[in-house]
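> sequence first, predicted model second:
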Amino acid sequence: MRIVLRILWGLPSLAALVVAGGCALLPGSGPASIDVRTHQIDPQSIRYAVVPVTARVVDVLARAVPRLATEFTDRRPSKEVRFGVGDVVSVTIFEAAAGGLFIPSEAGVRPGNFISIPNQAVDSNGNISIPYGGSIRARGRTQVEVQQAIVDALKNRAIEPQAVVSLVTAQSSLITVLGDVKAPARVAANPAGERVLDVISRAGGPLAPGHDEWVMLERDGRRALAPFGSLVYEPRNNIHVNAGDTIYLYREPQTFLAFGAFGSVGGGSTQSSQISFDAWRLSLAEAVGKAGGLNDNLADPAAIFLYRGETREVAEQLGIDCSPFQGPIIPVIYNMNFRDPAGYFMATKFEMRNKDVVYISNALSPELAKFRALIGTVTGTINDPINTAINIYTLRNIARGSAATATAVITGGGI
């Protein structure tokens, strides 16, 4: 009986322990939605900002996606090709009549009054040499400007001179194409002007499927990054290239991580996995669909969280107080609400990024069911020794009662 009393005495304390630590004792795949929104974490953990997804948030993020047109806003055609040191040029000089500086008087039978000067490279001082004209500045000048400089140098000595200057071999006005292309090379800038896709095609095009390819453009010390697909499907990103640009292609399959109360794909358990975009662009709605959608028995549609690091500039545009954070990247958790019918429209415009983490928290009812099951388990565990003790006590009393009955019969002369 003492065992029973001790167990009964401990029941209130055990019940209090279960109630107080129920959330910690319950199984789960991540934090509760209330913990995410109220920042209920270890003070030693990483700070983060929670941003509810609204139409304004979607617009801000749409302007922050990596695109070439966002970084390089100049829409003007390519700059004119200018000569530089090392360029090989050809010069042809014409005179109006024979008997001039270059055309002798007996040259009237010639098909034209001109002379071609041997090809020459622009020297380290940026000049070319013209007979009887001396050194002519070529570096930094266009073809037309060099032609006019030659004419000015010869007009007092030749008969109405004219000059034609052509670029034979470009060594300074080059565009570098590197990385995941079929024929990496340095190609001469086209005086007619070219765009990024034109130059990539001159290098043989990308090796891998377009949706896994990224394009980096470097110009004057600035860099911009964009998916290859954005150049194809968003023409404004197929910007003009300039001499001196560097284009680098590389392959990086885009993936995201899915945790929590997702549905199952093709039958199976809740998804917690790394999933490939398999496209150059993926929306949050498409990402949730690829992960199996929401689990109808577990998910809280108002508790869809996306974890991402944003630049300080973007975070400030979202209205986040960045003063408590250090460093250029701000940890942000976006909260999408699918209980709001408009949430699905916003999810189709919310663009995923490589290595995003999507977590769907459980609704309250499954958590309550888990808690009830836990209480049932604890109660059953407690009842087993109690019932055992009661049974032992009962058997003892029965045994003692039988012995007392036998003694009374013997002493009373019953035998």
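Okay, I see it.
> so for the lengthiest strand in the chain, mean pLDDT?
Assignment by DSSP state E gives strand 299-311 as the longest strand of the chain. What strand 299-311 shows for mean pLDDT is 94.
> within the sheet, what are the partner strands of it, with directions?
strand 329-336 (antiparallel), strand 357-362 (antiparallel) (DSSP bridges).
> okay, buried residues for the longest one please.
Looking back up the chat, that one is strand 329-336. Buried residues in strand 329-336, counted by 16 or more other CB atoms under 10 Å: Ile330, Val332, Ile333, Tyr334, Asn335, Met336. From N, CA and C alone the C-beta is placed, and that goes for glycine too.
> correct me, but the fifth one touches Val57?
No: contact status for Asn335 versus Val57: not in contact, 10.0 Å apart, counting by CB atoms under 8 Å.
> so where's the protein shaky on pLDDT?
1-29, 40-43, 105-112, 264-272, 365-389, 391, 393, 395, 399-415 (pLDDT under 70).
> where along the chain do the helices fall?
For the chain, the helices defined by DSSP state H occupy 2-20, 22-25, 33-37, 55-64, 68-71, 143-154, 196-202, 228-233, 284-290, 312-317, 342-349, 364-411.
> next, the angle from the fourth one to strand 299-311.
Put plainly, it is helix 55-64. In terms of direction (axes from the mean of the first three to the mean of the last three CA atoms, to 10 degrees), helix 55-64 departs from strand 299-311 by 40 degrees.
> please name every helix or strand in contact with helix 55-64.
Helix 55-64 sits against helix 312-317, helix 342-349, with contacts defined as 3 or more CB pairs under 8 Å, 6 or more residues apart in numbering; DSSP states H and E.
> go with 10 Å
In terms of contacts (3 or more CB pairs under 10 Å, 6 or more residues apart in numbering; DSSP states H and E), helix 55-64 is packed against strand 49-52, strand 299-311, helix 312-317, strand 329-336, helix 342-349.
> take those and lay them out in TSV including distance to Gln143.
Listed next are the helices and strands packed on helix 55-64 as TSV, based on distance: least, CB to CB, whole Å:
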stretch	distance to Gln143
strand 49-52	55
strand 299-311	43
helix 312-317	42
strand 329-336	48
helix 342-349	48
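> select, out of the ones you listed, the one closest to Leu364.
Nearest of the helices and strands packed on helix 55-64 to Leu364, taken as CB to CB: strand 299-311 at 7.5 Å.
> residues of that closest one that come out buried?
Under the neighbour-count criterion of 16+ other CB under 10 Å, strand 299-311 has Ala299, Asp300, Pro301, Ala303, Ile304, Phe305, Leu306, Tyr307, Arg308, Gly309, Glu310 buried.
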